[in-house]
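Asker: Kindly generate the corresponding structure for this input.
(one chain, ligands or ions: 1)
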Amino acid sequence: MNVIGTVGLPGSGKGEAANVAETAGVPVVVMGDVIREECRERGLDPAEHHGRIAGLLREEEGDDAIAARTIPRIREAAEGRDVDTVLVDGLRSTVELERFREAFGDDFTLVAVHAPFELRAERLGERGRDDSDSDLEALRERDEREIALGLGETLERADVEIDNTGTLEAFRERVREVLDVDAGTGSGATGSNAEPAGGGRR
Ligand SMILES: Nc1ncnc2c1ncn2[C@@H]1O[C@H](COP(=O)(O)OP(=O)(O)OP(=O)(O)O)[C@@H](O)[C@H]1O
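Answerer: Below you'll find the predicted structure:
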């Protein structure tokens, strides 16, 4: 099984990469889902407590806690499906990277998605998912928080780099190349069980 992890600063294009994977029938495991689930188990609203619970999990179970909890989900995502690639969205630190390398060895590939600050700010502003993203200062703070967690160092240790400074279509094509899937049929090297691409975009 090939496990492809993505890493990138806020707004770099990780979510888009995950959309491309899903459209091509490649299962996507989102590390943040582990935290959302933990929030619910503790009776807390994830929208409000996500950051605090992520920190708490790391304190209680170690810096690799979220990666450790994600590993069985990755294996489950591939189980019973005619796929041999799984995409993992949400790596944040080298500790997590090491945990994945330990679990999957050479089958783990870290893909860094890069886009400059101004472009990310513009794209996040356009998306309107989070009002504060249109505020450059808020994005700068988010960047700093992520870098403090170890995201910068993790980016530097990527196996594959994707530059997301061109069109969305060019980016999607590059992601398909890295995932080794086709746009048209969703079949590619990951198997034939995939849904047809094209209409599945969120
Ligand atoms: N090449 C591109 N051209 C135009 N828009 C893009 C491009 N790449 C991504 N976008 C858009 O920019 C926004 C941010 O991208 P995306 O959500 O994939 O980032 P992200 O890395 O997942 O961010 P976050 O960490 O905040 O979740 C999205 O609306 C996405 O559709």
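Asker: for Arg69, what are its contacts?
Answerer: Val34, Leu57 (Cβ atoms under 8 Å, 6 or more residues apart in numbering). Any C-beta I mention is one placed from the backbone N, CA and C, and that applies to glycine too.
Asker: Please identify which helix or strand holds it.
Answerer: When secondary structure is defined using DSSP states H and E, the element that contains Arg69 is helix 65-78.
Asker: Check which residues of that helix are buried.
Answerer: Within helix 65-78, the residues scored as buried using 16 or more other Cβ atoms under 10 Å are Ala65, Ile66, Ala67, Ala68, Arg69, Thr70, Ile71, Arg73, Ile74, Ala77, Ala78.
Asker: tally of neighbours for Val86?
Answerer: Other residues near Val86 come to 25 when the count uses other Cβ atoms under 10 Å.
Asker: Beta-bridge partners for it, please?
Answerer: Applying DSSP bridges to Val86 gives these bridge partners: Val3.
Asker: Name the residues of this structure found near the ligand, please.
Answerer: In this structure, the chain approaches the ligand at residues 8, 10-16, 123-124, 127, 164, 166-168, 171, judged by Cβ under 6 Å from any ligand atom.
Asker: And the residue nearest the centre of this structure?
Answerer: The centroid of the chain falls nearest to Asp89 when counting by Cα atoms, centre = their mean (1.7 Å).
Asker: Local confidence estimate at that one?
Answerer: Per-residue confidence (pLDDT) for Asp89: 97.
Asker: for Val26, same thing?
Answerer: For Val26, the model assigns a pLDDT of 96.
Asker: okay but it is in contact with Val86, surely?
Answerer: Yes: if you go by Cβ atoms under 8 Å, Val26 and Val86 touch, sitting 6.9 Å apart.
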